[in-house]
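Peer 1: what follows is a predicted structure for the sequence shown.
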Amino acid sequence: DAKTTQPPSMDCAEGRAANLPCNHSTISGNEYVYWYRQIHSQGPQYIIHGLKNNETNEMASLIITEDRKSSTLILPHATLRDTAVYYCIVRVGVNDYKLSFGAGTTVTVRA
Amino acid sequence: GAVVSQHPSWVICKSGTSVKIECRSLDFQATTMFWYRQFPKQSLMLMATSNEGSKATYEQGVEKDKFLINHASLTLSTLTVTSAHPEDSSFYICSAADAYNEKLFFGSGTQLSVL
């Protein structure tokens, strides 16, 4: 699986958009970009995933560059409850359930 | 939606004892489950892949005789930490694959403290 690179930490003001970058320059054509988050002392929570088109759901938006070498997770209106570690993971496909977690980005939303 | 139940949420045990952690898929059948370990301020590390009806597949460096995994049914996998020592104290998390709906769900984790 392709490896990902994320900044170790990020601060965000409550109510503002949080833009979380992820580099995956060695991603293969059949690999999806998945985002999970882990709130302290809980299991990871699925956020969103995409292959090459931008995606949006009730939690976030995912912007994938045209060359697919990087992506950005956007939390449109960050709340204090969005404080968590966010993991960007590339997976071969929806049937690839064996996930490798990197260090992720610790996002702190401040009032 | 589908839920994965992990029990217990936390456990404290004496050194040398064994501890069993359960991971259940509540409304779907999971032929494959995964066990992760997470130390403070670190990321999740995959320990093993649990396959229903067959032996688990362990990641390199994980002692299979110490971390016994049993996946006896399509809804239950158990991880037993045998002869636990303080260095086994960690946060253990399971995940279960709902292959039919192509989704992956995580349990809420178990904090193990070995005294």
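Peer 2: Perfect, I can see it now.
Peer 1: all contacts plus neighbour counts: C-alpha atoms, from now on.
Peer 2: Fine.
Peer 1: and the most centrally placed residue in chain A, its phi and psi?
Peer 2: For chain A, the residue whose C-alpha lies nearest the mean C-alpha position (CA atoms, centre = their mean) is A:Trp35; its distance is 3.5 Å. The phi/psi pair for A:Trp35 (degrees, to the nearest 10) reads phi -120, psi 130.
Peer 1: skipping adjacent residues, who's closest to it in space?
Peer 2: The spatially closest residue to A:Trp35, leaving aside those adjacent along the chain, is A:Cys88, at 4.7 Å (CA to CA, 6 or more residues apart in numbering or on different chains).
Peer 1: what's the local residue count around the one you found?
Peer 2: 30 (other CA atoms under 10 Å in any protein chain shown).
Peer 1: that one contacts A:Gly104, correct?
Peer 2: Yes: using CA atoms under 8 Å, A:Cys88 makes contact with A:Gly104 at a distance of 6.7 Å.
Peer 1: circling back to that earlier point, from A:Asn23, how far out is the residue nearest to A:Trp35?
Peer 2: Relative to A:Asn23, A:Cys88 is positioned 9 Å away (CA to CA, to the nearest Å).
Peer 1: what do you get for B:Asp27?
Peer 2: Look at B:Asp27 and A:Asn23: by CA to CA, they are 36 Å apart.
Peer 1: which one of these two is surrounded by more residues?
Peer 2: Taking other CA under 10 Å, B:Asp27 and A:Asn23 do not tie; A:Asn23 has more neighbours (17 against 12).
Peer 1: let me know how buried the residue of chain A found nearest chain B is, in neighbour terms.
Peer 2: Among the residues of chain A, A:Gly43 lies nearest to chain B; the distance is 4.4 Å by CA to the nearest CA. Per other CA under 10 Å, the neighbour tally for A:Gly43 reads 23.
Peer 1: was I right about it contacting B:Phe105?
Peer 2: No: A:Gly43 lies out of contact with B:Phe105 (CA under 8 Å); the separation is 9.0 Å.
Peer 1: distance from the chain centre to the lowest-mean-pLDDT helix or strand in chain B, please.
Peer 2: Of the helices and strands making up chain B, the lowest-confidence element is strand B:103-106, at a mean of 88, by mean pLDDT, DSSP states H and E. Once both centres are worked out by CA atoms, centre = their mean, to the nearest Å, strand B:103-106 turns out to sit 14 Å from its chain's centre.
Peer 1: ok, now stretch A:69-81?
Peer 2: Averaged over its C-alpha atoms, stretch A:69-81 has a centre that lies 8 Å from its chain's centre (CA atoms, centre = their mean).
Peer 1: where does the chain have low pLDDT?
Peer 2: Went with chain A since none was named. Scanning chain A with the threshold set as pLDDT under 70 gives A:1-2, A:93-95.
Peer 1: let's do chain B instead
Peer 2: Judged against pLDDT under 70, the low-scoring parts of chain B cover residues B:1-2.
Peer 1: for chain A, what are the nearby residues on it?
Peer 2: For chain B, the residues found near chain A under the criterion CA under 8 Å from any CA of the partner chain are B:34, B:42-46, B:49, B:91, B:93, B:97, B:99, B:102-109.
Peer 1: can I have the buried ones of these as a ChimeraX selection?
Peer 2: One line in ChimeraX is enough to select the buried ones among the residues of chain B next to chain A; burial here means 16 or more other CA atoms under 10 Å in any protein chain shown:
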select /B:34,43,44,45,46,49,91,93,97,99,104,105,106,107,108,109
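Peer 1: all strands for chain A, in order.
Peer 2: When secondary structure is read from DSSP state E, chain A shows strands at A:9-13, A:18-23, A:32-38, A:45-50, A:55-56, A:61-64, A:70-75, A:84-91, A:105-110.
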